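Participant: here's a sequence, model it:
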Amino acid sequence: MMSLDSITLYLVATMVAALLGAMMVFFGRQENSPALKWWGTAYLLGAASVALWTAAGDRLGAHLYLALNAVGFVACGMVWNAARVFHGRKPNWPGLVLGALAWVTAATLLDPTASMLRMLVGAGIVSVYAALTASELWTERRKSLQRRWPAFMMPAMHGCVLMLPILIGSFLRPHDAGFSSSIWVTVFAVELILYAVGTVFVIFMLVSERTVTAHRTAASTDPLTGMLNRRGFSEACARVIEREAKAGRPVTVMIFDIDHFKSINDRFGHPAGDEMLKLFSTVVISNLRISDLSGRIGGEEFAALLPCSLEEGVLVAERVREAFETSGVVVDEGPVDTTVSIGVAGGPAGTELEVLLASADTALYQAKRGGRNRVEAAEELPLSLENWRRQSAARTGASQARPATA
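Facilitator: Reported below is the predicted structural model:
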C-alpha cells in the first residue's frame, strides 16, 4: 500500500500557496486592488515560513526558529488586514504584529519543555486572528446568508490551516517518527492544499462580485448628480411598485423640470448649469424620505417615486419647490432664479410606472402652461400610453412651431 510522505505534502502545499500568492499579487497590481496585494503577500509569507520549517527543521537555531514562527503569525495578521482593506478600512498596523509579539513573549517566558502550553498559546493567537478575519468578511450584510457563508468560513479557516504546521512543530519535529508517520498529519497536509485553493477561489469571487457591482452601479447612476439615471430609476421603481402592490398600498410619482434652464446655460455657461443640476439634486434628496426613490431622467428633468397617497405626494412636491426657490444662488452676474415646475400623479396599488410617468408629465405640462414655479396634480391616469404619446408628440410639435409663427 502506497503511503503519502507528510514532508513532501507540506512542500507541495507551500509551493501551491506561493504560486497562488504570487498570482494574487500580480492581479492586485494589474487591477490596482490593495486587498489582493495584502492577501497575496500573506500567502507568500505563510508559504515561506512553512517551507523553511519543513525543510530545515532541527537545523534551525532557537532564535531563527522563533523568528520563523513570528513570521507565520504576521501572515495571519495580514489575512485579517486584507479583509479590512477589502471593505475600505485602513490597515491595523499594531494588530498586524501584536500576535507575533505575543508569541515571542510567551515562547521566551515559558519553559522550553512546555511544548503543549506553547501550542495552546499559538492556537489562541491564530483563533483570534481567524475570528477577526471572519467578522470583517461578515460586516457587509447586503448579501444573503447562502452567498456569504463561504466568504465567512474559508478565509478564517485558512488562517488556522496556515499556522497549524508551525504550531505542531513546536512539540513534534518533522524528523520524529511519530510526526512523519502520523495519518492525521498526512490528512492535514492534504487539507492545507485544498483550503489554500478554496480560499483563493472565495477571494476572487468576492473581488469579482465587487467589480461587477461597481460596474452595475456605474451603469445605473448619473455621473453628474450621483442620482439614479433613467435606467436605474426605472429598475428600482419596478421593485418598489411590486412590493407596494403586494401590500395593497398606492404609489405617487412626480416629475420635476427646472424652469428656464436653457437660459441659465446661455447666460452663465454650462458649468453654472451643471452646478444648478447638482444643487437641485441635493434639494430633492434632502426633502425626500429614505424610502423614496429619485433620479435624473434626462437633461433638467428629474423624477421621484414615493410609496404614499397623491395628497401626501403633493405636499412633498411643494416642499421641494419652496426649498429650491429659496436656495439663493448668486453668481458674478447677479442672482439666479431657482424655480421648478412639478407634475404629480398617483395611482392605486400595482399601477405601472410608465402610466404614472405619463400622467405626471401631463400635469407638469399644465404647471408650465400655468406660469411655472408651481405644483400640479394629475386629475386622472391616461386611458392608454399610446394616447399619451400622441398627445405628448403633438404638444412638442406645437411648442416648436410657436416661435416660427410669432
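
Participant: okay, buried residues for stretch 9-28 please.
Facilitator: 9-11, 13-14, 16-18, 20-21, 24-25, 28 (16 or more other Cβ atoms under 10 Å). (C-beta placed from N, C-alpha, C; glycine too.)

Participant: please compute how far stretch 29-44 lies from its chain's middle.
Facilitator: Here stretch 29-44 is found 18 Å from its chain centre; the criterion is Cα atoms, centre = their mean, to the nearest Å.

Participant: one more: stretch 41-60?
Facilitator: 35 Å.

Participant: use 33 as the first number for this chain going forward.
Facilitator: In the new count, where the first residue is 33, that last one comes out as stretch 73-92.

Participant: mean confidence (pLDDT) on it, please.
Facilitator: Stretch 73-92 carries an average pLDDT of 80.

Participant: one step back: among the buried residues of stretch 41-60, which lie within helices?
Facilitator: Per DSSP state H, helices hold the following members of the buried residues of stretch 41-60: 41-43, 45-46, 48-50, 52-53, 56-57, 60.

Participant: nearest to Phe233, of the residues you listed?
Facilitator: Leu52 (9.7 Å; Cβ to Cβ).

Participant: tell me the SS of the closest residue to the closest one other than its chain neighbours?
Facilitator: Among residues not flanking Leu52 along the chain, Val232 sits closest, at 4.7 Å (Cβ to Cβ, 6 or more residues apart in numbering). Using DSSP: H, G, I helix; E, B strand; the rest coil, the structure places Val232 in helix.

Participant: quick one, what contacts Val232?
Facilitator: When contacts are counted by Cβ atoms under 8 Å, 6 or more residues apart in numbering, Val232 touches 52, 55-56, 75.

Participant: farthest pair within those?
Facilitator: Across the contacts of Val232 (Cβ to Cβ), the longest gap, 8.9 Å, separates Met55 and Tyr75.

Participant: about what we covered before: a markdown table for the buried residues of stretch 41-60, including distance to Ser266 and pLDDT?
Facilitator: Listed next are those as a markdown table, based on distance: Cβ to Cβ, whole Å; pLDDT from 0 to 100:
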| residue | distance to Ser266 | pLDDT |
| --- | --- | --- |
| Leu41 | 56 | 73 |
| Tyr42 | 56 | 71 |
| Leu43 | 57 | 77 |
| Ala45 | 51 | 77 |
| Thr46 | 52 | 82 |
| Val48 | 47 | 84 |
| Ala49 | 47 | 84 |
| Ala50 | 49 | 88 |
| Leu52 | 42 | 87 |
| Gly53 | 44 | 89 |
| Met56 | 38 | 90 |
| Val57 | 42 | 92 |
| Gly60 | 36 | 88 |
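
Participant: could I get these in a markdown table, plus columns for distance to Glu344?
Facilitator: As requested, the buried residues of stretch 41-60 are arranged in a markdown table below (distance: Cβ to Cβ, whole Å):
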| residue | distance to Glu344 |
| --- | --- |
| Leu41 | 68 |
| Tyr42 | 68 |
| Leu43 | 70 |
| Ala45 | 63 |
| Thr46 | 65 |
| Val48 | 61 |
| Ala49 | 60 |
| Ala50 | 62 |
| Leu52 | 56 |
| Gly53 | 57 |
| Met56 | 52 |
| Val57 | 55 |
| Gly60 | 50 |
